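# test case, fold it:
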Amino acid sequence: KMITAVAPSMMTVLIQGESGVGKELVAREIHERSQVAQHGYVALDCCTMQENLFESELFGHEKGAFTGADRQKKGLIESAEGGTLFLDEIGEISPAIQAKLLRVLETGRFRRVGGTRDLTANVRIVAATNRDLLEMAHDGTFRADLFYRLNAFTIYVPPLCQRKDDIPALVDHFINNHDFSRRVNKHLSEAALNKLLAYRWPGNIRELKNMVERAII
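Here you go, the predicted structure:
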C-alpha cells in the first residue's frame, strides 16, 4: 500500500531494513509503478567505491579533472535522466558526498567533478540502508539535514522472521524460476516447509533463496 501510494509522486523515498530483506526490489517496484517507469532505472551501491571514484561515478567529471580523466564522462545522475536513481546503502557515503547529495535534493542542481557550471538533476532519488540513520545523525556520522531530506517518505521492510507467511510464496517463486527445477519437476514437501517456517532466517530472503537453490541442486 505504501509503495502504491508514493510511486506516482516524485517524492524522495528512503527504504530501511536489514540486509537481504529485498530493499532493491521495493525500489524497482516504486519505479515500475511511477510516472517515469518508461525512463531509466539506475542503481549504485554506495559501499563499493572509494570516495573520489564514487563522486565521479555519481556526478560525472570533466576532461582533465584529475589524472586519467582524458575525456568528459556523464555520471549516474545524468544517466538516470527523467527516471529513478537508486542509492543502495546510503549510510556508507562520506561527509563530503553527503553535502553534495544534499544540494542535489534541495536545489535539483549539481556539478561534474572539475566542472564550473551547474547542471539540472532531473531524476527521482530512492535510497536504502540497513543502518539507523537517525542514530547516525545524532552521533554526527550522518548529516541531520540530509537525513530529514531523505526521510520525506520512509518504507520499512521487516525481516523475514517477522513475516513468515511470505515464505511459502517465496519458495514457490524460487522453485518455479529455477532452470534446473523446471527440468526435473521439483516441489516442496510439507515437512520441508515446516522446517523452513521454524527457522529464524538471519540472512532474510537472500538466505532463503540460496538455501532453496542448494536444495534443488
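# beta-bridge partners for the residue sitting nearest the centre point of the chain, please?
The chain has Asp88 as the residue nearest its centroid, 3.6 Å off, counting by CA atoms, centre = their mean. Asp88 has these beta-bridge partners by DSSP bridges: Asp45.
# so which elements touch the helix or strand that contains Ala137?
Taking DSSP states H and E as the criterion, Ala137 maps to helix 133-139. When contacts are defined as 3 or more CB pairs under 8 Å, 6 or more residues apart in numbering; DSSP states H and E, helix 133-139 sits against helix 144-150. From N, CA and C alone the C-beta is placed, and that goes for glycine too.
# so where's this protein uncertain?
Per-residue confidence of the chain (counting by pLDDT under 70) places the weak regions at 181-184.
# let me see the ranges of the helices in it.
Assigned by DSSP state H, the chain shows helices spanning 2-6, 23-32, 51-59, 76-79, 95-107, 133-139, 144-150, 167-176, 179-184, 190-198, 204-216.
# list the contacts of the residue nearest to the centre of the chain.
By CB atoms under 8 Å, 6 or more residues apart in numbering, the contact set of Asp88 is 23-24, 43-47, 127-128.
# for Leu101, which non-adjacent residue is spatially closest?
Leu146 (6.5 Å; CB to CB, 6 or more residues apart in numbering).
# contacting residues around that neighbour?
Going by CB under 8 Å, 6+ apart, Leu146 touches 98-99, 101-102, 105.
# ditto for Arg112
Contacts for Arg112 were tallied using CB under 8 Å, 6+ apart; they are 59-62, 65, 72-75, 119.
# on that earlier part again, out of the contacts of Asp88, which are buried?
Listed as buried from the contacts of Asp88 are 23, 43-44, 46, 127-128; burial here means 16 or more other CB atoms under 10 Å.
# Asn151: which of the residues you listed is nearest?
Of all these, Asn151 sits closest to Ala127, with 9.7 Å by CB to CB.
# what sits opposite that closest one in the beta ladder?
Beta-bridge partners, per DSSP bridges, of Ala127: Leu14, Leu87.
# ok, now which ones touch it?
Counting by CB under 8 Å, 6+ apart, Ala127 makes contact with 12-15, 86-88, 90, 150.
# give the burial count for Leu150, as a bare number.
25 (other CB atoms under 10 Å).
# my read is that it contacts Gln16, right?
No: the criterion here is CB atoms under 8 Å, and Leu150 misses it with Gln16 at 10.1 Å.
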